[in-house]
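In: Coordinates only, no sequence provided:
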């Protein structure tokens, strides 16, 4: 399994798209931190990039990579290797490669300019989002053999989680504004990993006052050790559940 992971990682890190992605993140990180005298403003700017670009690149690249590696998967399946080894070697290879790209492009500049707990929270959130959307991508890829359909499902999931979900929640909160919805908004965040990552970072930046009464509720909950632990636990669940479901489908799939 280790040999296959090394091969996958070596193959991906030489990919021009991944190299370009890494350099893009690096240039944006250095620009944001270099142009802003206040590191907090740089972190806020980086947060917007992490919440949109990182999930999009992770889910699209992982989906395309899986379909392009289908012949390689068929070759491995003909060897005395279990489906579990084949599937998770691919998954871990993609996760390691994209995580290294993120750490070099965002983690290194953030550590240099803002090597505090706030910077660590930003880096951790970005890494978790990378792993989450790789898991979602593998689920979309295993769900259907059709490459166009798989990419469409992956893009649809990204659009829903990163763009549409917040609009739906906001509409629900406005419709039910006559009722106390502050605590319900905490529940809504559990169903969206990007919201969890955003709130974790914003709470560290002490900008919850800009979020009104709901922000006060978030501040009280996510500023505590229990709240932070729950948020990270939910993000880890977002990694485990899609990839476990994907493996279940892959294990029954006829290659």
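Out: Structure received. Please read all numbers here as calculations on a predicted model, not as lab measurements. Residues are numbered from 1 along each chain as shown.
In: Identify all contacting residues around stretch 185-201.
Out: For stretch 185-201, the surrounding residues in contact (Cβ atoms under 8 Å, 6 or more residues apart in numbering) are 43, 47, 50-51, 55, 118, 121-122, 125-126, 128-129, 132, 161-162, 165-166, 169, 172-173, 214, 217-218, 221-222, 228, 231-232, 234-235, 238. Bear in mind the C-beta positions are built from the backbone N, C-alpha and C, glycine included.
In: Return the subset of those lying in helices.
Out: Among those, the subset assigned to helices under DSSP state H consists of 43, 47, 50-51, 55, 118, 121-122, 125-126, 128-129, 132, 165-166, 169, 172-173, 214, 217-218, 221-222, 228, 231-232, 234-235, 238.
In: Quick one: buried ones out of the residues you listed?
Out: In terms of neighbour count (16 or more other Cβ atoms under 10 Å), the buried residues within the ones in helices among the contacts of stretch 185-201 are 43, 47, 50-51, 55, 118, 121-122, 125-126, 128-129, 132, 165, 169, 173, 214, 217-218, 221-222, 228, 231-232, 234-235, 238.
In: which residues sit in contact with the residue lying closest to residue 236 once chain neighbours are set aside?
Out: Leaving aside its sequence neighbours, residue 236 sits nearest to residue 128 (Cβ to Cβ, 6 or more residues apart in numbering; 7.4 Å). Neighbouring residues of residue 128 by Cβ under 8 Å, 6+ apart: 193, 197, 232, 235, 236, 238, 239.
In: try residue 126
Out: Residues in contact with residue 126 (Cβ under 8 Å, 6+ apart) are 50, 54, 102, 106, 107, 197.
In: What residues does residue 166 make contact with?
Out: With Cβ under 8 Å, 6+ apart, residue 166 has these contacts: 192, 195.
In: Any figure for the gap between it and residue 188?
Out: 9 Å (Cβ to Cβ, to the nearest Å).
In: next one: residue 100
Out: Where residue 188 is concerned, residue 100 sits at a distance of 33 Å (Cβ to Cβ).
In: residues of stretch 14-21 that come out buried?
Out: 18, 21.
In: what is the mean pLDDT for it?
Out: Averaged across stretch 14-21, the pLDDT comes to 90.
In: Measure how far it is from the centre of its chain, please.
Out: 18 Å (Cα atoms, centre = their mean, to the nearest Å).
In: contact partners of that stretch?
Out: 12, 13, 57, 61, 97, 98, 101, 105.
In: next one: stretch 234-243
Out: Contacts for stretch 234-243 (Cβ under 8 Å, 6+ apart): 91, 125, 128-129, 131-132, 135-136, 138-139, 190, 193, 196-197.
In: Isn't residue 245 up against residue 139?
Out: Yes: at 5.7 Å, residue 245 and residue 139 qualify as touching, with contact defined as Cβ atoms under 8 Å.
In: between the two, who's got more neighbours?
Out: Taking other Cβ atoms under 10 Å, residue 245 and residue 139 do not tie; residue 139 has more neighbours (24 against 16).
In: Which strand or helix spans the more buried one?
Out: Residue 139 is part of helix 117-143, with elements assigned from DSSP states H and E.
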